[in-house]
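In: model this:
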Amino acid sequence: MALSRIGPNPISGSNSLAYSARNLSTSFVVPVPLCITRQLSDLGRRKHNGVCCSSLKNAASASSMESQEDAPSTFSVCLEEEVDHVIRFKMSDFKILNCVSIGLGGRLDEVVFEGMVKDSGSPLYNTRVVLRQLSSAQAQRRGKRAIEVLKKLVRRKLLYHSYSMQVHGYISLPASGGSHSFILVHGYHGSFSLRHWLQRSDWLPTLEATLALDEESVRKVGEETTGGPAVSRQLRLIRILMRDLLIGVNYLHSHGLAHTELRLENVHISPIDRHIKVGILGNAADFYEDGSNSGTLDMDRRQMMIAFDMRCVGFIMAKMVIRELMDPSIFAKFKSFLTKGYDPSCLRELMLEILGRSSPYGNAGLQILDRNWGAGWHLLSLLLATRPSQRISCLDALRHPFLCGPRWRVVPSMDIIRWGLGSTAMRISEEYIYRQPQRSRLAHFIDLMEMLNPHPKPRNWLELLPGKWRLLYCTGKHVGLTLRQPPLRVLIGDVHLTVTRESKLKANLSFVSDIGFSVMVGQDWPHDKAGTTGKLQVNSSFTLKAGKRLYVKQDKTTDKFFFSQYSNVDALAQEFTGKKWGKITPFKEFPSSLPAAKLASSDIDVSMNLDDPLNRNVDTARNVLQELRTQIPPEIFDLSKLVCGTYVDSRLLVLRGVNGSALLFTRSFVDRNSSS
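Out: Take a look at the predicted model:
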């Protein structure tokens with residue numbers, strides 16, 4: 001919580017209070033003197049139908065109020081029956097400190113004070129606590145709910161105190177006009193929420209000092225040294241915070257409760273025990289319809305509640321790692337992407353489009369998520385999965401490679417292995433490929449992906465193939481600008497392949513390849529890449545059928561190649577069945593063929609557009625077209641040369657041409673020209 005300090009006499013006058021009306025949940029507030037005064041009683045009557053927020057200090061000093069507390073009303077009697085497991089305090093038990101906040105988390109019906117217990121007979125003597133005055137009826141229900149949840153979790157006090165804000169008791173003050181003021185007394189765990197920590201410019205060293213990270217903490221999470229010290233320190237801190245948060249949320253889930261309000265504003269870090277506090281459980285919901293553990297468990301209700309909490313944890317993780325998401329405009333694009341139902345496994349493509357290379361934070365978040373074969377993107381996609389049934393649980397998230405250090409022995413699942421292969425292939429393809437070892441490694445990863453294809457049947461392709469795909473790499477021949485002297489210099493931009501399903505009843509697909517390029521005229525082309533823009537579009541229709549990809553074998557006696565129907569041991573088979581990759585391949589012997597989706601093409605249509613002044617000369621257009629055919633893969637210019645698809649999932653696609661070359665695509669949603 002963010003509390004602002006005021007003068008030595010914070011509460012003076014009758015029913016008046018000096019407070020800051022600024023929304024403290026959205027910006028970091030340095031303790032400064034406050035000068036805005038209003039009548040809280042008038043504010044309460046205007047906004048909360050007559051609920052009075054009277055001064056705490058006046059209530060503490062008024063003897064008449066003490067006598068009213070000793071003679072509780074019907075409201076107080078009913079309240080005592082519900083909260084008999086906590087302490088009912090009096091205002092005279094506290095010394096009010098000069099810290100106050102209003103509108104915490106965007107709620108204007110809460111006023112938060114700091115206090116010190118001065119009752120020598122209390123077990124909390126000389127303990128700093130927080131007094132949360134709840135004015136509206138809805139706020140009072142949240143306070144009572146926090147006390148009810150404490151009764152359910154009191155059996156394991158150690159974990160409750162470690163991962164939740166400790167609720168000590170309450171104060172019930174009768175007020176004028178028949179309304180009552182309910183004050184919740186809970187533990188003090190520092191004045192900053194996680195949002196305020198992340199908004200500080202020096203959040204990383206300050207938070208490391210607050211958590212007092214030592215060698216033992218480093219050993220527990222595993223130390224990373226590659227990629228730069230700042231990125232490694234941030235990854236280490238994120239692992240600590242995320243693991244602590246997941247343990248606290250799992251503690252609630254294991255007791256039949258869902259938090260339902262996991263946000264950066266509600267997450268606090270205690271410098272005393274160095275644990276994450278998941279806030280006050282005022283909106284915690286039961287997995288059981290009747291609110292008791294003896295009832296019949298509704299699995300759908302439980303799954304939905306856990307999935308909602310895990311989605312909130314995913315948003316917290318995304319903001320911690322990618323600090324650019326603290327900007328409301330960028331986070332709106334991030335959330336809109338998920339609201340539209342797009343697969344969160346494609347978040348990397350989206351963030352690359354939005355952030356680009358000019359982020360003020362240096363894209364440290366993208367580096368963190370790219371580490372360990374893209375394990376961070378995998379965990380984030382599982383936390384934010386579109387279907388609640390596909391979201392990861394707390395226990396499985398704690399075992400995820402992203403949250404486990406390199407010294408931890410984590411057995412990855414086949415899904416994580418596939419993800420790692422695809423992520424590494426994407427990272428290699430983003431570099432400019434100069435050397436043959438890089439090209440061979442990338443081709444090797446594509447071969448592995450094809451063998452581990454999770455969707456070999458055509459019905460899976462009909463669901464996953466439609467969409468927009470961006471070409472990453474082709475294993476065929478590569479021709480660039482620096483090796484030749486063409487009549488015109490053509491720089492290839494983005495190459496997209498858009499697949500549309502023509503009918504839900506038939507396996508007919510429409511393929512459209514779009515090639516953006518620019519023609520550079522003159523001798524200054526190495527320094528000026530503007531040129532004249534153009535676009536080449538190729539249309540064709542395909543029919544999807546079941547097929548096989550046959551491997552070409554070589555007969556050593558005749559040195560001839562043939563399509564083998566039997567498994568022979570060659571260099572490729574020895575590599576895939578060896579010690580390194582033999583554990584993950586789903587077969588013991590190298591197969592002669594793999595299932596694939598066969599693509600049967602019809603006629604194609606090619607069209608090209610050039611801007612002025614190049615579009616006025618037919619010979620220039622002919623030279624541009626010839627240069628395009630030289631540089632782009634032939635399968636993109638002539639779609640009929642695509643014969644089969646060998647790998648597809650929600651984010652990656654591999655198509656094979658008639659000459660055996662592989663084309664690697666990634667799913668795309670935003671055009672670079674419109675992302676700015």
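In: lowest average confidence, helix or strand, in the chain?
Out: Sorting the helices and strands of the chain by mean pLDDT, DSSP states H and E puts strand 37-38 at the bottom, at a mean of 32.
In: mean confidence score for the helix ranked longest in the chain?
Out: Ranked by residue count and defined by DSSP state H, the top helix of the chain is helix 229-254. Across helix 229-254, pLDDT averages out at 88.
In: partner strands of whatever helix or strand comes next after that helix, with direction?
Out: Later in the chain than helix 229-254, the nearest helix or strand by DSSP states H and E is strand 257-258. As defined by DSSP bridges, the strand partners of strand 257-258 come to strand 285-286 (antiparallel).
In: give me the contacts around the helix or strand following the partner strand.
Out: Remark: after strand 285-286, the chain's next helix or strand is helix 299-321, criterion DSSP H and E. Here helix 299-321 makes contact (Cβ atoms under 8 Å, 6 or more residues apart in numbering) with 194, 198, 238, 241-242, 245-246, 249, 252-253, 258-264, 267, 285, 287, 289, 325-326, 331, 334, 365, 368-369, 376, 379-380, 383-384, 388-389, 391-394, 397. (Glycine included, C-beta is placed from N, CA and C.)
In: also stretch 491-511?
Out: Stretch 491-511 has contacts (Cβ under 8 Å, 6+ apart) with 458, 462, 465-471, 481, 512-520, 529, 531, 539-545, 628, 631-632, 636, 639, 642, 665, 668, 671-672.
In: go with 7 Å
Out: 458, 462, 465-471, 512-518, 520, 529, 531, 540-544, 631-632, 636, 639, 665, 668, 672 (Cβ atoms under 7 Å, 6 or more residues apart in numbering).
In: give the contact list for the residue lying closest to Lys277 once chain neighbours are set aside.
Out: In this structure, Lys277 finds its nearest non-sequential neighbour in His268, 4.4 Å apart by Cβ to Cβ, 6 or more residues apart in numbering. His268 makes contact with 1, 189-190, 193-194, 277, 279, according to Cβ under 7 Å, 6+ apart.
In: what about 8 Å?
Out: 1, 165, 189-190, 192-194, 276-277, 279 are the contacts of His268 under Cβ under 8 Å, 6+ apart.
In: for those, which one is nearest Gly356?
Out: Of all those, Gly356 sits closest to Leu194, with 27.0 Å by Cβ to Cβ.
In: distance check, the closest one against Ser661.
Out: Per Cβ to Cβ, to the nearest Å, Leu194 is found 49 Å from Ser661.
In: same thing with Lys151?
Out: For Lys151, the distance to Ser661 - Cβ to Cβ - is 67 Å.
In: who's more crowded, Leu194 and Ser661?
Out: With neighbours defined as other Cβ atoms under 10 Å, Leu194 and Ser661 compare such that Leu194 has more, 24 against 17.
In: and that one, its phi and psi?
Out: Main-chain torsions, Leu194, degrees, to the nearest 10: phi -60, psi -30.
In: do Ile515 as well
Out: phi -120, psi 120.
In: I'd guessed it sits against Ile632; true?
Out: Yes. Using Cβ atoms under 8 Å, Ile515 is in contact with Ile632, at 6.0 Å.
In: ok, of the contacts of stretch 491-511, which come out buried?
Out: Listed as buried from the contacts of stretch 491-511 are 458, 462, 465, 467-471, 512-518, 520, 531, 540-542, 544, 631-632, 636, 639, 665, 668; burial here means 16 or more other Cβ atoms under 10 Å.
In: just the residues you listed: which are in strands?
Out: Members of the buried ones among the contacts of stretch 491-511 lying in strands (criterion: DSSP state E): 467-471, 512-518, 520, 540-542, 544, 665.
In: thought Phe94 was touching Ser122?
Out: No. The pair Phe94 / Ser122 is not scored as a contact, 9.9 Å apart, by Cβ under 8 Å.
In: those two: who's more crowded?
Out: Each of Phe94 and Ser122 has its neighbours counted (other Cβ under 10 Å); Phe94 has more, 25 against 16.
In: nearest residue to that one other than its sequence neighbours?
Out: Spatial nearest neighbour of Phe94, excluding adjacent residues (Cβ to Cβ, 6+ apart): Gly115 at 4.0 Å.
In: my read is Ile604 is in a strand, agree?
Out: Yes. Assigned with DSSP: H, G, I helix; E, B strand; the rest coil, Ile604 falls within a strand.
In: can you report how many residues lie near Arg409?
Out: Around Arg409 there are 6 other residues, counting by other Cβ under 10 Å.
In: where does it sit: helix, strand or coil?
Out: Arg409 - assigned by three-state DSSP - is coil.
In: Pro401 versus that one, what's the distance?
Out: For Arg409, the distance to Pro401 equals 11 Å [Cβ to Cβ].
In: what of Phe337?
Out: In terms of Cβ to Cβ, Phe337 sits 25 Å off from Pro401.
In: and for Ala375?
Out: Per Cβ to Cβ, Ala375 is found 5 Å from Pro401.
In: who touches both of those two?
Out: Ile416.
In: quick one on the thing from earlier: give me the element the residue nearest to Phe94 is part of.
Out: strand 110-117.
In: buried residues in that strand, which are they?
Out: In strand 110-117, counting by 16+ other Cβ under 10 Å, buried: 110-117.
In: what is that strand packed up against?
Out: If contacts are counted by 3 or more Cβ pairs under 8 Å, 6 or more residues apart in numbering; DSSP states H and E, strand 110-117 sits against strand 94-102, strand 128-134.
In: that strand pairs with which strands, and in what direction?
Out: Here, using DSSP bridges, strand 110-117 pairs with strand 94-102 (antiparallel), strand 128-134 (antiparallel).
In: now render those as JSON lines, adding distance to Ile87.
Out: Listed next are these as JSON lines, based on distance: least, Cβ to Cβ, whole Å:
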{"stretch": "strand 94-102", "distance to Ile87": "12"}
{"stretch": "strand 128-134", "distance to Ile87": "11"}
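In: which one of those strands is the most hemmed in?
Out: strand 128-134 (a mean of 22; mean count of other Cβ atoms under 10 Å).
In: just want the most central residue of the protein.
Out: Ala318 (3.7 Å; Cα atoms, centre = their mean).
In: so for that residue, what's the pLDDT?
Out: Per-residue pLDDT puts Ala318 at 96.
In: can you tell me how far it is from Gly405?
Out: Applying Cβ to Cβ, the value for Ala318 to Gly405 is 21 Å.
In: repeat for His259
Out: Computed as Cβ to Cβ, the His259 to Gly405 distance reads 27 Å.
In: more neighbours, these two?
Out: His259 (24 against 17).
In: got a pLDDT number for the more buried one?
Out: 90.
In: weakest of the helices and strands packed on strand 110-117 by average pLDDT?
Out: Taking the mean pLDDT of the helices and strands packed on strand 110-117, strand 94-102 comes last: a mean of 76.
In: so Ile636 is in contact with Ser513, correct?
Out: Yes. Contact between Ile636 and Ser513 holds when scored by Cβ under 8 Å: they sit 5.0 Å apart.
In: shared neighbours, those two?
Out: Counting by Cβ under 8 Å, 6+ apart, the residues touching both Ile636 and Ser513 are 495, 497, 538.
In: next step: those residues restricted to strands.
Out: Those of the shared contacts of Ile636 and Ser513 mapping onto strands are 495, 497, 538, per DSSP E.
In: can I get these in JSON lines including neighbour count and pLDDT?
Out: Shown next, in JSON lines, are these (neighbours: other Cβ atoms under 10 Å; pLDDT from 0 to 100):
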{"residue": "Val495", "neighbour count": "21", "pLDDT": "93"}
{"residue": "Leu497", "neighbour count": "24", "pLDDT": "95"}
{"residue": "Val538", "neighbour count": "20", "pLDDT": "94"}
